[in-house]
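*Asks:* Let's see this in three dimensions:
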Amino acid sequence: MVVQSIAEYEQTKETIVMLQLTALDEKEIAEGKTLSAKETFAQIRNKMGLASELSR
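*Replies:* Coordinates of the predicted model:
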């Protein structure tokens, strides 16, 4: 039997979730499921209803 505080348990759960997300991200990268920064920001601007190219 392992005994740990609620705070330690919650930290352990959070760490496991982060490791699972990292593993998923690494799998997607290996499969080529990525976007360039330019594509990503274009999608964000589109979702926010901003012009595709911001003038400086």
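
*Asks:* use CA for all of it now, contacts and neighbours both
*Replies:* Noted.

*Asks:* measure stretch 1-12 end to end?
*Replies:* Chord length of stretch 1-12, first to last residue, is 16 Å (Cα to Cα, to the nearest Å).

*Asks:* Could you check how far that stretch is from the centre of its chain?
*Replies:* In this view, stretch 1-12 has its centroid 25 Å away from the chain centroid, taken as Cα atoms, centre = their mean, to the nearest Å.

*Asks:* Can we start the residue count at 56 from this point?
*Replies:* Taking 56 as the first residue, the last one we looked at is stretch 56-67.

*Asks:* in that stretch, what counts as buried?
*Replies:* Residues of stretch 56-67 include none that count as buried (16 or more other Cα atoms under 10 Å).

*Asks:* and what of stretch 69-79?
*Replies:* Buried-residue list, stretch 69-79, by 16+ other Cα under 10 Å: empty.

*Asks:* I'd like to know the average pLDDT value across it.
*Replies:* Here stretch 69-79 scores 98 as its mean pLDDT.
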